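Undergrad: Sharing a sequence plus its predicted fold:
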Amino acid sequence: MPKKDISKGQATISAQPRIHQRADAIQKYGTVSFLLPLELEEPVRLEMTEQLNQLLADSMTLRDLYKKSHWQVAGPNFLSVHLLFDKHFEEQVEIVDLIAERIQFAGWSVRGDAPDVAETRA
């Protein structure tokens with residue numbers, strides 16, 4: 001939200017970013033939060049979230065391959081194949097979101113960017 005300057009009775013809004021702000025981490029990466037009301041024991045939660053993070057990494061890779069294929073389509077069936085890859089990409093976006101939300105609900109931190117996915121795939 002932009003800052004407001006209320007000096008001399010006039011309210012102005014500044015679009016300048018607020019830098020050097022600090023806040024505590026909500027949840028340290030790689031840890032399980034036990035604040036959620038789940039009846040799963042820790043080893044089960046850890047195994048489940050590791051498996052879900054692997055599924056998330058695979059789904060993100062598939063999503064990105066659909067978009068890459070969407071960009072590289074050529075030939076006589078260009079339009080139909082181009083639209084098909086775009087449709088599959090959009091559906092994969094929804095799947096990725098659902099998996100990530102399930103991981104978060106289990107109390108684990110989500111691997112959500114390319115370096116994390118690459119690390120998971122290694």
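TA: Good, I have the coordinates.

Undergrad: Least confident secondary structure element in this structure?
TA: One helix or strand of the chain scores below all others by mean pLDDT, DSSP states H and E: strand 3-5, with a mean of 52.

Undergrad: got a list of what Leu62 touches?
TA: Taking Cβ atoms under 8 Å, 6 or more residues apart in numbering as the criterion, Leu62 is in contact with Gln92. All C-beta atoms are positioned from the backbone trio N, CA, C, and that covers glycine.

Undergrad: quick check, it in a helix?
TA: Yes - checked against DSSP: H, G, I helix; E, B strand; the rest coil, Leu62 lies within a helix.

Undergrad: so what's it scoring on pLDDT?
TA: Listed pLDDT for Leu62 reads 93.

Undergrad: what about it, distance to Asn77?
TA: 22 Å (Cβ to Cβ, to the nearest Å).

Undergrad: Low-confidence ranges, the chain, go.
TA: Along the chain, the model assigns pLDDT under 70 to residues 1-11, 25-37, 112, 114, 117-118, 120-122.

Undergrad: can you pull out the helices in it?
TA: In the chain, the helices defined using DSSP state H lie at 42-72, 78-105, 114-121.

Undergrad: Could you dump those into a markdown table and include distance to Pro17?
TA: Output for the helices of the chain, formatted as a markdown table (distance: least, Cβ to Cβ, whole Å):
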| stretch | distance to Pro17 |
| --- | --- |
| helix 42-72 | 29 |
| helix 78-105 | 27 |
| helix 114-121 | 25 |
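
Undergrad: For Gln16, which of these is the nearest?
TA: Nearest to Gln16 among the helices of the chain is helix 114-121 (30.2 Å), distances taken as Cβ to Cβ.

Undergrad: distance of Met60 from Gln72?
TA: Met60 is 19 Å from Gln72, where distance means Cβ to Cβ.

Undergrad: And these two? Which one has more around it.
TA: Met60 (24 against 9; other Cβ atoms under 10 Å).
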